[in-house]
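Student: this is the structure alone, sequence omitted:
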C-alpha cells in the first residue's frame, strides 16, 4: 500500500511517501503554508491527485508522558480536517522526538543553514513514515 506521512507545521509541512511494498520511505517535499485550512487542502490534493496514496499518517507530537500539549492538539485537529476532506484512511502516529532525530541526521550529513530549514520537515516526515511502516511490519509478523 502506498502511504504518505505528514509532519504538520504552522509554516512548513513535510511530506514523505513509501513505495507500494512498504519497504522504502522517501521525502517528497514541503508545503509552505501558514493558513490552516489551505494547508489541509494542499495536503489532501497532494495525497489524492499528485501522489495517489491509499493512506495518510499524520505525526502526533505527544508530550513525553503521553499527554497532548498544544502542538499535539493542533496536529490532531489537522488529521481530523484531512480525514473529513479525503476519501482514504487518515491515522495519527506518535512522533515524539522525530524532529530531534531529523536534526541529528542532518548534523551527521553536515546540512546547515537555509538548506537545513528547507529539508528538516520532510526528513521528519520520513522518520514518522519509517516508524509507522516498522509497526505495520511487526503487526503482520504476529
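Tutor: Looks like it arrived, so ask away. Quick caveat, the model's predicted, so the values are computed rather than measured.

Student: residue contacts, residue 5?
Tutor: 15-17, 25, 56-59, 93, 125-126, 128-129, 132 (Cβ atoms under 8 Å, 6 or more residues apart in numbering). Quick note: C-beta positions are derived from backbone N, CA and C, even for glycine.

Student: rounded mean pLDDT for the longest helix anywhere in the chain, please.
Tutor: Using DSSP state H, we find that the single longest helix of the chain is helix 113-141. In this model, helix 113-141 carries a mean pLDDT of 84.

Student: repeat that for stretch 57-74.
Tutor: 91.

Student: next one: that stretch to chain centre, how far?
Tutor: How far stretch 57-74 lies from its chain's middle: 13 Å, per Cα atoms, centre = their mean, to the nearest Å.

Student: end to end on it, go ahead and measure it.
Tutor: 15 Å (Cα to Cα, to the nearest Å).

Student: quick check: buried residues in that stretch?
Tutor: Neighbour-count burial for stretch 57-74 flags 57-62, 71-72, 74 (criterion: 16 or more other Cβ atoms under 10 Å).

Student: name the helices or strands packed onto the longest helix of the chain?
Tutor: strand 3-7, strand 12-18, strand 25-32, strand 55-60, strand 90-94, helix 98-108 (3 or more Cβ pairs under 8 Å, 6 or more residues apart in numbering; DSSP states H and E).

Student: lovely, talk soon.
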